[in-house]
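*Asks:* Structure for the following, please:
(chains A, B and C)
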Amino acid sequence: MKSRTFILLAVVTLSAAILIGCAPSEEAAVAESHLIVANFAETQTMDPRAVEDTASHWINNQIFDGLVRRTDDMGVEPALATDWSFVDERTIEFNLRQDVLFHNGVEFTAEDVKFTYETLLDRSLGFAGRSRLAMIDVENIEVIDDYTIRIPTNQPFAAVLTYLAHSSSLIVSKAAVEEHGADFGANPVGTGPFKLSRWDRGTAVHLERFDEHWRGPAQVEQLTFRGIPEGSSRTIEVETGGVHVAQQIPETDFNRLRESSSVELYEYAAMRLHYILFNTQAEPFNDVRVRQAISYALDIEELAEVAYGGAGTPARGYMNSSIWAFNPDVYMYPRNMDRARELLAEAGYSDGFRMTMTIDDSSPRQTIAEIMGSQLRELGIEIDIEIMEWGAYLQMTAGGEHDMAQLAWLASTGDPHHALHPNYFSGNIGAANRSYTELPELDELLLAGVREPDAARREQIYREAQELISGFAPIIPVADDREAVGVRANVTGFVPSPSGYHMFHEVGLN
Amino acid sequence: MAVRLRNATTGESLPVPPTIGTGRKQRTRFDETWRQFRKNKWAMSGMVLLIFLAFVAIGADFVAPEGLDDQQLGRRFLAPSAEAILGTDHLGRDILSRIIHGSRLSLSIGFITTSIGLVIGGGLGAIAGYYGGSRDQFIMRIMDVILAIPGFIFAVALVTALGPNLTNLMIAVGVNSIPYFARIIRSSVMSVKENEYIEAARALGCSHTWIILRHVIPNAFAPILVQATLRIGDTIIIAAGLSFLGLGAQPPLPEWGAMLSGGRQYLRDAWWMATFPGVAIMFTVLAFNLVGDGLRDALDPRLKN
Amino acid sequence: MIRYIFKRLLSLIPVLLGATFIVFAIMFFTPGDPATIMLPQDATAEDIAMMRDFLGLNEPFLVQYRDFLLRLAQGDLGNSFRTGQSVLGLILSRLPATMQLATASLVIAIMIGLIAGVVAAVRQYTVWDGGAMVTALLGVSMPNFWLGLMLILFFAVFWANSFGYTLLPASGYGTMQHMIMPAIVLGTAHAAFITRITRSSMLEVLRQDYIRMAKAKGLSPFKVVFVHALRNALMPVVTIIGLRFGVLLGGSVVTERIFAWPGIGRLLIDAVRAQDYNVVQGIILTYAIIFSLVTLGVDLLYSFIDPRVKVRYR
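*Replies:* Numbering: from 1, shown residues only, chains lettered A, B, ... in the order given. Sure thing, here's the model as predicted:
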C-alpha cells in the first residue's frame, strides 16, 4: 500500500519526461547553406490567393512567381512572362517563358495563368486576394496557345501591370490545386526558387532549393522562416546568431544594430503612410475649418518622432512620398496655434468640444492619441480614446460611426492610383474611404488618372489631385513608414525590397 | 442578554442565533477574531500594507508628485534618478506618479469585480443551497458550464465581445467570479440551514427571503469574507492580465497591467517601464493574500497551524 | 469503477455542450466580423457581404449553432475562416506544444511544491519555514506575465547586452532550453500553492497519533515523513492541483504569447482577434475537455490515495 505514493509520483514524472522528450529537437546548429530568417508573424497559409497578410506573402514570394515582378526601384520587369503588349486599350497580351517547371515537375503553361486568375476571382471560392485584381475581366481571359495569353480589364486601366506584379497575383499550379483542393495552402506548388519541405505549424516553415528553377538554382540549399512575433526577440536572435535575417526590427533597436559589427541594418522606405483621419461628414468635422484648425494645432514632426522614431519620417504630403507622382509642393499646415484658434472661432467652436479618437490596439497609434489629447487640450478640445479590436474597428470606420481615427495605407503596387483612389474616391465610401471624402472634382481627376495611358499627363493629374486633397484636409498625414531588416555580416547578396518582400534567390552564406 | 426576535403573530419572543454586527455575543466573537488576527504578524503586516495602499489611493492627487498624464516630451525614458524616482516613460511621464494614480484603478477593479461576483454569485448560490431541488440543479449546472471554460479564457472572449475598455473589463472579471462565489456560498448555506434555529424560524412562519438574508447569510459570513478577500487579489491579477493583452483600460489611464504592457516594447532600453508596475501589482495582491490568510486563521481556528 | 467513470464521462456531455453554446453566443454577438478582417482594407461593402455569405455568416444564430452541432456530432469542428484548414487538424498540430508546457510546469510545480512544503512543515517556525512561506506568498501574488518579462530581462536581454549571447532563448520552441523559462513562468504560482497546502496538510498529519507512534517505534524520520505522513497529507494537495488546473490552462495563454510558444493558447488569442469562430470554438472545447478530464482524474486519484473513498462509487 505505501508504495502507491511512489508509483504515483513515478508515473507523473515519467509521463512528463516522455512528453518533454518528444519535443522535436531543433535543426542541429546551422548547416552551411541553411539560411534562417525571422519573420514577424507565423504564416497562415501558403496559398497566395487566400492571404492578405504580409508575413505570409513574404514566404509565398519565395515559392511562387508572377507573370511580372517588381524591380527594387518599384518598376516592373518580366518574370513568367517574357514580354507583353497592349492589343487595345483594355487588353494586354503576354508571351510566356517556355522553360518553366513547377515543383511537381509539370510544365508551366498559359492554362495555369488562366486557372489562377479564374479561381482567384471566383466569388464562390471566397479568396481574400480577390479584390486586388477586381479590375480584370475574368470571363474573357483568352488562351491563344500554351505560351500566349490575353488578359482584358473591365475598363481602361493604366496601372494593370503593377497590380499583376502584386503578391496576390502569384501563379499556382493547376494540377496541384486540383490534386490537393482545400489543402493546397499546406501543399503549395509554384515555380519559385524554393519549395516547401516541412511546415511546423506555429513555429516555422522550412523550404528547400528547387534545382530546376528557371533562373537557375538558389544559392542556399535550405531556407527556414521562423515566426517570431515579439520585435525585441527578433533583434536578440539576429544579434546572437539564432537567425541570419530578421524582418521588421523594432525602432528601439535601430541604434544597437547600427553599431553592431556582426549585424548590418538595412533601412528602407516602405510605401506606407501613417495618418490621422477625420470623419468629414460628422459634426463638427464636416466643417473644413475645424479640420484645418486641428491640422494646424498638431506638431507633425514631434508626433512622428515620438510615435515612430527611426521607423518613420515625418510625412511630406497626402500620400507616401516614395510613390511615383508624389507632389512635394502641397500645403502641409505647419504648427500655428493662433491660426488654429482663429479657424475654430470662425467655425463657432471657440470653446472647443469633446470628441472620440478611435484606434486599434497598435502602440504608436495609442501614443499619438495620447499626445494629441494633451496638445489639443489647449484649444479646449477633449479627446476620449476608444480602443477597438481590429475587425470591429474596420467595420466601424467603414460604417462612418467614428469622429476621428488612425490608419496606415500601404500602396503595395507603388502606383498613385492605388495610393489615392481607395482612400479619397467617393465611390469607396463604406470601404477604404474612411474619411468619407466626397469631392466631385477629385472624383473626376481620380477617374481620369486611371484611364490616362500617357505617363506625364497621368503624373500631372495626380499632382493636381493631391493639391485638392490638401485643401480639403480630410486626413492629417503623420509619417512615411521606414522599415529595417537586420542581416548578419556573413550573409551575401541581400538586397532589401521596398515592398518588404525581400527575395532570397541570390542570397548566400559565407 | 440575547437579542430577541418578536414573532409577528404571537408576540412571543425567541432567542435567535448569532448574527454578525448585532448583540453582545456578536461583539465577543468579533473581539475574539480580532484578537486572533492581531496576534498574527503576517496578517498585521498585510493589514498595514493595505491601509497604506488605501491612503495612497484616496490621497493620490496629493501624494503623487505629478499628474497621471503630465507629458514632457523633452525628458522621455529617464532612468530612475532623483528627478524621477522610478524613471519616466515614452511620453516623459513620471512613472511613480502614474503608479500612484493607478492604485485607485487597481483597488477599484479588485473591489468592484469581487462585489459583482459576490452579489450575483452569492445570491444564486444562496438560492441554490437554501431551496435545493430543481432550482439548485438548474443554477449549479449553469455554473458548471461556466467553470468548464478556464476562467481567464472566458474573460478574454467576453471582453472582446463587449469591446475592450475599463467597464467591460470589470464586467468580464466580475462574471468570471460568479460561479466561484456561487459554489462557496451554496455549500455554506447548505451547512447553515440544517441548524435548529433555522428550523425554528421557519416554524414561526418567517418568509424564506427573510430567513436567507437575516439568518443564513450572516452565519455563512466568515468563509465568504475570507474567500472574498483572497479573491480580490486574484481579480487584480486577472484584470492586469487582460490589460496586458490590450483588453483593458483605455489610455491615458495608468492601469498597471496596461503600463506593464506598454513598457514591454522598451524592455531593452527602459527596463523600469515594465518592472515597477509589476512590483506594484505584486505588493497589492500580496497585501490581500496576507489579510485573507490571517482572517481565515482567525475566524476558523481549526485551520490554524 | 468502470461504470462510475462511464457515468461521469456521460455527465460531461451536457456541460460541454453548454460551454459551446455560451462561447458560440459570445462570438456571434461580438462586433465586427471575420470577413472584414480577412479582406484587404479597401474591400467594399459588397465584397464583405459576399465573403460573409461564403463563410455562412448570414444565417441566423440558431441555424449556425445547429449546423455547428450537426458537424460536431460527426466529429467535424469545421474549417478555419482565415485559412480554410480543418480546425481539428490545426488544434492537433498545436496541442502537443501546450501539453508539453503544461506538463513540464506542473512537474516543476509539484516537485518544488512538495519538497518545500514538507521541509517547511517538518522544520516549522525555522528559517526554512519562513523562507518557504515568504517565497510562496510572493509566488502566489505575482502576475505570471510580469515574471515572464523579468526572466526575459535577465536571461536574454541583460545577458545579451552584457556578454553578447543569451543564457536562455527569449522565445521559440523545440529544445529543452526553450522550455525552461515558460515552464517556470507557468509553474511558479502552482508551486507556491502546492507549497502552502502541503505545509498545512503535513502539519495536521504530523500531529496525529499514528505518526507519533511510528516515530516512537523508531522508524527513520525520513520514512515517517515521506512514507507515512506525506501519503496521508496528499489528498488536499491533489485537490488543489486539480482545482487550479483551469488556472494553469488560462495562464498558458499569456505565457505562450510572451514566449511565442506554438501552442493552442497563442492560436486562441489570434483566433479571438480575427474572430475565427470555428477555431475559437474548437480550442475552448478542447480546453474544457482537458479540464474536465483532469477533474475526473483527480477524483479517481482520491481512491488511489485513500481507498476509503471507493465506497462512494456505489
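*Asks:* Every contact and neighbour count from this point should use C-alpha atoms.
*Replies:* Noted.
*Asks:* Spell out the residue ranges of the strands in chain B.
*Replies:* For chain B, the strands defined by DSSP state E cover B:4-6, B:13-15.
*Asks:* Which of those has the lowest mean pLDDT?
*Replies:* Among the strands of chain B, strand B:4-6 carries the lowest mean pLDDT, at a mean of 38.
*Asks:* Residue 112: neighbour count?
*Replies:* No chain was given, so I picked chain A. Neighbour count of A:Asp112, defined by other CA atoms under 10 Å in any protein chain shown: 17.
*Asks:* Sorry, I should have been clearer: chain C.
*Replies:* Number of residues near C:Ile112 (other CA under 10 Å) recorded here: 18.
*Asks:* ok, now which ones touch it?
*Replies:* Residues near C:Ile112 by CA atoms under 8 Å, 6 or more residues apart in numbering or on different chains: C:191, C:195.
*Asks:* so which strand or helix has it?
*Replies:* Secondary structure assigned from DSSP states H and E places C:Ile112 in helix C:87-122.
*Asks:* gap between that helix and the chain center?
*Replies:* How far helix C:87-122 lies from its chain's middle: 8 Å, per CA atoms, centre = their mean, to the nearest Å.
*Asks:* I'd like the average pLDDT over it.
*Replies:* 92.
*Asks:* list the buried ones in that helix?
*Replies:* C:87-88, C:90-91, C:93-122 (16 or more other CA atoms under 10 Å in any protein chain shown).
*Asks:* Quick one: classify the residue in the stretch 1-150 of chain C positioned nearest to chain B as helix, strand or coil.
*Replies:* Residue nearest to chain B within the stretch 1-150 of chain C (CA to the nearest CA): C:Thr30, separated by 4.0 Å. What DSSP: H, G, I helix; E, B strand; the rest coil gives for C:Thr30 is coil.
*Asks:* pretty sure it contacts B:Val156?
*Replies:* No. C:Thr30 lies out of contact with B:Val156 (CA atoms under 8 Å); the separation is 11.9 Å.
*Asks:* Next, the residue of the stretch 1-150 of chain C closest to chain B: phi, psi?
*Replies:* With angles defined as degrees, to the nearest 10, C:Thr30 sits at phi -70, psi 130.
*Asks:* Kindly report the same for the one 5 residues further on.
*Replies:* The phi and psi torsions at C:Ala35 (degrees, to the nearest 10) take the values phi -60, psi -40.
*Asks:* Can you give me every residue that contacts it?
*Replies:* Contact partners of C:Ala35, counting by CA under 8 Å, 6+ apart, are C:48, C:51-52, C:55.
*Asks:* quick one: which of these sit in helices?
*Replies:* C:48, C:51-52, C:55 (DSSP state H).
*Asks:* Which secondary structure element of chain B has the lowest mean pLDDT?
*Replies:* The helix or strand of chain B with the lowest confidence, counting by mean pLDDT, DSSP states H and E, is strand B:4-6 at a mean of 38.
*Asks:* which bits of the stretch 51-200 of chain B sit near chain A?
*Replies:* Taking CA under 8 Å from any CA of the partner chain as the criterion, the stretch 51-200 of chain B approaches chain A at residues B:69, B:71, B:73, B:90-91, B:160, B:163-165.
*Asks:* Mark which of those residues are buried, thanks.
*Replies:* Buried among those by 16+ other CA under 10 Å: B:69, B:71, B:90-91, B:160, B:163-165.
*Asks:* Now the two most distant members of the residues you listed.
*Replies:* Using CA to CA, those reach their maximum pairwise distance at B:Gln71 and B:Thr160, which is 29.8 Å.
*Asks:* tell me the contacts of the closest residue to A:Glu346 other than its chain neighbours?
*Replies:* Among residues not flanking A:Glu346 along the chain, A:Arg289 sits closest, at 7.7 Å (CA to CA, 6 or more residues apart in numbering or on different chains). A:Arg289 is in contact with A:343-344, A:346-347, counting by CA under 8 Å, 6+ apart.
*Asks:* repeat for C:Arg273
*Replies:* For C:Arg273, the contacting residues are A:389-391, B:160, by CA under 8 Å, 6+ apart.
*Asks:* Count the residues that sit near the closest residue to chain C within chain A.
*Replies:* Scanning chain A for the residue nearest chain C gives A:Ala392, at 3.7 Å (criterion: CA to the nearest CA). When counting by other CA under 10 Å, one arrives at 25 neighbours for A:Ala392.
*Asks:* From C:Ala274, how far off is it?
*Replies:* Between A:Ala392 and C:Ala274 the computed distance is 10 Å (CA to CA, to the nearest Å).
*Asks:* Make TSV out of the buried ones among the residues of the stretch 51-200 of chain B next to chain A and add distance to B:Leu242.
*Replies:* Putting these into TSV (distance: CA to CA, whole Å) gives the following:
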residue	distance to B:Leu242
B:Asp69	22
B:Gln71	25
B:His90	22
B:Leu91	23
B:Thr160	10
B:Gly163	12
B:Pro164	9
B:Asn165	10
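*Asks:* Out of the residues you listed, which is nearest to A:Val76?
*Replies:* Closest to A:Val76, out of all of these and judged by CA to CA, is B:His90, at 41.3 Å.
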